[in-house]
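Sequence first, predicted model second:
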Amino acid sequence: MDPKLLDILACPLCKSAVQLNAEKTELWCKADGLAFPIRDDIPVMLETEARTLSNDERLD
């Protein structure tokens with residue numbers, strides 16, 4: 001993912017910064033505990049497409 005794009009992306013719910021998890025191809029918002037998928041190099045920043053982070057993932 002382009003680092004410039006990552007710098008401007010924010011969680012659509014709380015507007016906080018998101019973190020790239022390249023291993024799982026997701027963007028994580030630890031404030032809301034959500035993981036947004038990246039499909040074909042395009043971040044899908046929809047709450048309906050996000051999954052909930054596990055407790056272990058939130059602590060990483």
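Perfect, I can see it now. Numbers count the residues shown, from 1 in each chain.

Find the nearest non-adjacent residue to Ala50, please.
In space, and not counting its chain neighbours, Ala50 is closest to Leu34: 4.2 Å by C-beta to C-beta, 6 or more residues apart in numbering. C-beta coordinates here come from the backbone N, C-alpha and C atoms, glycine included.

wait, that neighbour sits on Cys11?
Yes. Counting by C-beta atoms under 8 Å, Leu34 does reach Cys11; the two are 7.2 Å apart.

tell me which residues of stretch 48-57 are tucked away?
Residues of stretch 48-57 classed as buried by neighbour count (16 or more other C-beta atoms under 10 Å): 50, 53, 57.

How many residues are close by the residue nearest to Pro37 when sequence neighbours are not counted?
Residue nearest to Pro37 in three dimensions, not counting chain neighbours: Val44, with 5.0 Å by C-beta to C-beta, 6+ apart. Val44 has 14 neighbouring residues, counting by other C-beta atoms under 10 Å.

Could you report the pLDDT at Val44?
On pLDDT, Val44 comes in at 97.

Is the residue most central in space within the chain bridged to anything, and to what?
Centroid-nearest residue in the chain, with C-alpha atoms, centre = their mean: Leu27, separated by 2.1 Å. Legend: beta-bridge partners of Leu27 under DSSP bridges are Leu20, Phe36.
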